[in-house]
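1. no sequence for this one, just the structure:
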């Protein structure tokens, strides 16, 4: 059951907030890496934990991915940012980030965590700053390496039954690299989040 404060106006307003944040993030990321970043309109929806696999479908059912999770908390808000890299793109990631040496497992992990911290922070801060919310990020951590998408999550990893999910895809011009970011606001945060959105549109 959705929180009482949730309605289509709230969803549409949160969609617009996410759209603005994505535009800002694309500009910052492009200037940081010196390449154009394509970020399609984000998808905003409330989902149940049993349906989380559907939210991961963009990465492909048979694709093996490396996934990083980063928790955030503050201003009555908490959640997780989940970023997935298709394994086939890891060399592209190293090239984008200017790494020219041997790509060992440790180097790969460092690059993935560094990229995740940057992409997660830029997008989430862009969303929350419009709602006058601030959060603290925990250090990103490896969720899975070389794993099938359908094996990424189980209910023990995320202690929620329902979440607001914002799905954001990154594509870098001149690279085959793609990243799939899903920001999950935990159910205990939804009332606070929706009230902030309602204040914004009143």
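-> Good, I have the coordinates. Fair warning: this is a prediction, and the values are worked out from it, not measured in the lab. Residues are numbered from 1 along each chain as shown.

2. in this protein, which spans are strands?
-> 37-38, 43-48, 64-74, 77-86, 136-137, 141-148, 162-172, 178-186 (DSSP state E).

3. of all these, which one comes closest to residue 6?
-> Of all the strands of the chain, the one in closest proximity to residue 6, counting by C-beta to C-beta, is strand 43-48 (7.0 Å). For every residue, glycine as well, the C-beta is placed using N, CA and C.

4. got the angle for the closest one vs strand 178-186?
-> Between strand 43-48 and strand 178-186, the angle comes out at 50 degrees (axes from the mean of the first three to the mean of the last three C-alpha atoms, to 10 degrees).

5. redo the strands of the chain as JSON lines? Include distance to residue 198 and mean pLDDT.
-> As requested, the strands of the chain are exported to JSON lines (distance: least, C-beta to C-beta, whole Å; pLDDT from 0 to 100):
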{"stretch": "strand 37-38", "distance to residue 198": "31", "mean pLDDT": "86"}
{"stretch": "strand 43-48", "distance to residue 198": "15", "mean pLDDT": "87"}
{"stretch": "strand 64-74", "distance to residue 198": "20", "mean pLDDT": "89"}
{"stretch": "strand 77-86", "distance to residue 198": "15", "mean pLDDT": "89"}
{"stretch": "strand 136-137", "distance to residue 198": "24", "mean pLDDT": "94"}
{"stretch": "strand 141-148", "distance to residue 198": "33", "mean pLDDT": "84"}
{"stretch": "strand 162-172", "distance to residue 198": "14", "mean pLDDT": "87"}
{"stretch": "strand 178-186", "distance to residue 198": "15", "mean pLDDT": "88"}
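
6. please render those as CSV that adds distance to residue 31 to the earlier fields.
-> Converted to CSV, the strands of the chain look like this (distance: least, C-beta to C-beta, whole Å):
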stretch, distance to residue 31
strand 37-38, 10
strand 43-48, 25
strand 64-74, 22
strand 77-86, 20
strand 136-137, 21
strand 141-148, 28
strand 162-172, 13
strand 178-186, 17
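
7. hey, where'd the helices end up in this protein?
-> Along the chain, the stretches classed as helices by DSSP state H are 8-33, 52-55, 90-96, 105-130, 190-201.

8. do you know which of those helices lies nearest residue 72?
-> helix 105-130 (6.5 Å).

9. and the helices of the chain: which comes nearest residue 148?
-> Taking those one by one with C-beta to C-beta, helix 52-55 is closest: 10.8 Å.

10. average model confidence for the closest one?
-> Helix 52-55 shows a mean pLDDT of 66.

11. for stretch 194-202, same thing?
-> Averaged across stretch 194-202, pLDDT comes to 89.

12. please state the offset of that stretch from the chain centre?
-> 22 Å (C-alpha atoms, centre = their mean, to the nearest Å).

13. go through that stretch and flag the buried ones.
-> Across stretch 194-202, burial judged by 16 or more other C-beta atoms under 10 Å covers 194, 196-197.

14. same list, the helices of the chain, but as a markdown table with distance to residue 169 please.
-> Output for those, formatted as a markdown table (distance: least, C-beta to C-beta, whole Å):
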| stretch | distance to residue 169 |
| --- | --- |
| helix 8-33 | 10 |
| helix 52-55 | 12 |
| helix 90-96 | 15 |
| helix 105-130 | 11 |
| helix 190-201 | 22 |
